[in-house]
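Student: Here is a sequence together with a model predicted from it:
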Amino acid sequence: MNGNMGIYINSKLKFFLFFIGFIYFFIFFILPETGNASRVDELQEKINENNAQIAQIQKEIDELQQELDKTGKDANTFKKQIGQLETTVKKIKADIQLTGRKIVAAGFVIEELNFGIRTKEKKIYDSKKTLAEIIRNMNEAESKSLVEILLAHASLSEFFNDIEQMKDFQNNINANLQQLKELKKDFEKQHEEKETEKKELENLQSRMDDQKTLFEAQKGQKNVLLRETKNKESLYKKQLADQIEKQGALEEEIRALEEQIRIEIDPSSLPVAGSGVLMWPVESRVITQYFGNTPFATQNPQVYGGKGHNGIDIRASVGTLVKASRTGTVVDTGNTDNNCRGVSYGKWVLIKHDNNLSTLYAHLSLIKVSPGQSVETGQIIGYSGNTGFATGPHLHFTVFASSAVEIGSLKSRICGTTMKLPIAPYNAYLNPLSYL
């Protein structure tokens, strides 16, 4: 009677362990997938719809950009200038719509990650709970003496058969424990991805605010132009000629100030020329004016004081992201339009790098950094524009030897004001293409 009871108890224990194992596999591998499939499909459908809208808006932006590229850097007629402003306003409006769709997309990604995180949390909890119960019952079984276990079996062959089955089951448990570890690793990775997406969402929301600011600024610029020229080509031509004359006179004042600076630059202190020393500050690599005595500089010597172009001009429509060319510190920022509209750099940023080079980004429409701020390579520092002396939207990019550039105060006779801007001797200006 006692032997039969032992066999009965042992059989119940085996049945219980295998039943628990079945429940474990069902909860761990099957239940979450079938229960959540419909929600995953619904979310994926929304993502696909949003991606289609993004593609459509991007197509519109590309067409508007092509239109802006056709007009070139120079808008030398009233009609071209107004057309360029109107196209720019349309493009920025489309940029805002695109950013809005990207914000929605980021929201979907975060929702998808949250969904995956919750699913994995449930799997981890259920599997841990089930494994704990299995291990507890196995420990109870293992607490019996060898004699008790032998007596509980009808024969030795049945006893050894059960031992083999228990070993197989323990091996499966060990394998699933390893899967549990991998699941936890995936869980932590999804958490990191979620934080990255949240940061991207914040960046997109900030970018949309910037784009709205640019949109209003461009509409205002068009209204100012219409008001000042009274919609007449002749008045626009006169305004442009006056602007060129004032720019030439201001450049003479700047050169006179810079010629007072005498600094010897040790060539060995500068990095060896080569591609990749500095990163391109905008996505475009179309240069509309090169460094030095370019055709424009030669034809208009008064514009650059006869010294040639002190940087390169890169094609970039209003609102294009401008990024730091290398890790460094923002020396200063400024806006010459506050003191004398339509001349010099307009809105500018000067960054000192760790390799004895400094870079200047000018004609910006919006500045996103502050003096003293540390920046990383590729960090957004502003948006391109056409502030200062710019006959069309572009980014003016200058490279200096850091030891010779300083922020100066120019008391301008032609403008009747004092303005802040980077000042350097002629030998401190370096060709950017030597380092890009």
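Tutor: Structure's in. What do you need? Since the structure is predicted, the reported quantities are computational estimates derived from the model, not experimental observations. Numbers count the residues shown, from 1 in each chain.

Student: ok but V272 is inside a strand, no?
Tutor: No: under DSSP: H, G, I helix; E, B strand; the rest coil, V272 sits outside any strand and is assigned coil.

Student: Quick check: the gap between it and F397.
Tutor: To F397, V272 is 20 Å away according to C-beta to C-beta, to the nearest Å. No exception for glycine: its C-beta is placed from N, CA and C like everyone else's.

Student: E193 touches G116, doesn't it?
Tutor: No: contact between E193 and G116 fails when scored by C-beta atoms under 8 Å: they sit 9.3 Å apart.

Student: hmm, back to that, okay, V272 and F397: which has more neighbours?
Tutor: Remark: of V272 and F397, F397 carries more neighbours, 26 against 9, as counted by other C-beta atoms under 10 Å.

Student: Backbone dihedrals for that one, please?
Tutor: Taking degrees, to the nearest 10, you get phi -130, psi 120 for the backbone angles of F397.

Student: Hmm, L364 and it touching each other?
Tutor: No: with contacts counted by C-beta under 8 Å, F397 stays clear of L364, the gap being 11.2 Å.

Student: so how far is Y361 from G388?
Tutor: Computed as C-beta to C-beta, the G388 to Y361 distance reads 12 Å.

Student: Identify the contacts common to those two.
Tutor: Residues within reach of G388 and of Y361 at once, by C-beta atoms under 8 Å, 6 or more residues apart in numbering, are W348.

Student: Neighbour count: those two, which is higher?
Tutor: Y361 (28 against 23).

Student: Three-state assignment for the more buried one, please.
Tutor: Under three-state DSSP, Y361 falls in the strand class.

Student: Could you chop the chain up by domain?
Tutor: Domain ranges of the chain: 2-216, 232-434, per automatic domain parsing.

Student: can you give me how far the shortest one is from the chain middle?
Tutor: Averaged C-alpha coordinates place domain 232-434 at 24 Å from its chain's average position (C-alpha atoms, centre = their mean, to the nearest Å).

Student: pLDDT on that domain, on average?
Tutor: For domain 232-434, the per-residue pLDDT values average out at 88.

Student: Do me a favour and get the end-to-end distance for that domain?
Tutor: 44 Å (C-alpha to C-alpha, to the nearest Å).

Student: Ok, stretch 332-344 next?
Tutor: OK, stretch 332-344 end separation, C-alpha to C-alpha: 16 Å.

Student: ok, residues contacting that stretch?
Tutor: Identification of contacts with stretch 332-344 by C-beta under 8 Å, 6+ apart yields 243, 246-247, 250, 254, 345-350, 367, 369-371, 387-389, 407, 412, 414-422.

Student: Could I get the buried residue list for that stretch?
Tutor: D332, T333, G334, N335, T336, D337, N339, C340, R341, G342, V343, S344 (16 or more other C-beta atoms under 10 Å).

Student: biggest separation within the residues you listed, which pair?
Tutor: Farthest apart among these by C-beta to C-beta are D332 and G342. That separation is 21.4 Å.

Student: re earlier: which of the contacts of stretch 332-344 are buried?
Tutor: For the contacts of stretch 332-344, buried by 16+ other C-beta under 10 Å: 243, 246-247, 250, 254, 345-350, 367, 369, 387-389, 412, 414-415, 419-422.

Student: Select from the residues you listed every entry located in helices.
Tutor: Among the buried ones among the contacts of stretch 332-344, DSSP state H puts Q243, K246, Q247, L250, I254 in helices.

Student: those strands in the stretch 201-350 of the chain, which residues are they?
Tutor: For the stretch 201-350 of the chain, the strands defined by DSSP state E, counting those that start in this stretch occupy 287-289, 312-315, 321-323, 328-335, 347-353.

Student: Please identify the most buried of the domains of the chain.
Tutor: Compared across the domains of the chain, domain 232-434 shows the largest average neighbour count, a mean of 18 (mean count of other C-beta atoms under 10 Å).

Student: In this model L113 seems to touch K198, though I could be wrong.
Tutor: No: at 9.5 Å, K198 does not count as touching L113 under the criterion of C-beta under 8 Å.

Student: give me the low-pLDDT residue ranges for the stretch 1-150 of the chain?
Tutor: Within the stretch 1-150 of the chain, the stretches with pLDDT under 70 are 1-37, 72-75, 130-131, 134-135, 137-150.
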